[in-house]
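Student: this one's sequence-less:
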């Protein structure tokens, strides 16, 4: 049974779920910025580029995407799921094995899958929902990173025999994505193309600090 959603209580009371989320140990690359999202009435965690998050309770896992990809994986039998956020298909010169690895698709996918397996998921039971890969910069057809990211993640999931049960990818839109890891429910909102510059700036800023991120700033939607 999942715990009741609650915001932080007064000092001296029993720790809330938000307190427990903030206090638990972090693995490398695991998202760590938590807050109470009043719009949804739930605790939430922000996944920045290069990060991932896995849980077996329905808190909100949220991210914002331009050309990046977020893969949401879920095991309906185990009731556990998670999201990653990567920027490029693959790194060069062995970067996938460094602290920067989560920014690259191959490492990011294995990192997410391994975290799910540790929480009781079975690789053969995983299902995927995929978001992002927008061509948010006009005139970039010849080096469309969003298209490359999208093709990479779909090929990866096909090879790993993880079915893609839904996706919202490509086109010209930035996206906001919310994922509930216990139920596997995903919500996506296409943002106006005019917001592309702010999304790209957020991705770039987050990417520069991802290796040493402790949460950083957050855009509350």
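Tutor: Looks like it arrived, so ask away. On a predicted model such as this, the values are computed, not experimentally measured, just so you know.
Student: do I have it right that residue 77 meets residue 126?
Tutor: No - between residue 77 and residue 126 there is no contact under C-beta atoms under 8 Å: 10.1 Å. Where C-beta positions appear, they are placed from N, C-alpha and C, glycine not excepted.
Student: give me the more crowded residue out of those two.
Tutor: residue 126 (23 against 10; other C-beta atoms under 10 Å).
Student: next, the contact list for that one, please.
Tutor: Taking C-beta atoms under 8 Å, 6 or more residues apart in numbering, we find residue 126 in contact with 73, 74, 75, 113, 116, 162.
Student: out of those, which are buried?
Tutor: 73, 74, 75, 113, 116, 162 (16 or more other C-beta atoms under 10 Å).
Student: the first one should be in a strand, yeah?
Tutor: Yes - read with DSSP: H, G, I helix; E, B strand; the rest coil, residue 73 is one of the residues of a strand.
Student: and the helices in the chain?
Tutor: Ranges of helices in the chain, per DSSP state H, are 17-23, 105-118, 145-159, 196-209.
Student: what's the most buried one of those helices?
Tutor: Of the helices of the chain, the one with the most neighbours on average (mean count of other C-beta atoms under 10 Å) is helix 105-118, at a mean of 21.
Student: and for residue 81, the neighbour number?
Tutor: Around residue 81 there are 31 residues (other C-beta under 10 Å).
Student: quick check: residue 71 touching residue 83?
Tutor: Yes - counting by C-beta under 8 Å, residue 83 is a contact partner of residue 71 at 7.1 Å.
Student: give me the common contacts of those two.
Tutor: The contact sets of residue 71 and residue 83 overlap at residue 112 (C-beta under 8 Å, 6+ apart).
Student: between the contacts of residue 126, which is nearest residue 90?
Tutor: residue 113 (16.5 Å; C-beta to C-beta).
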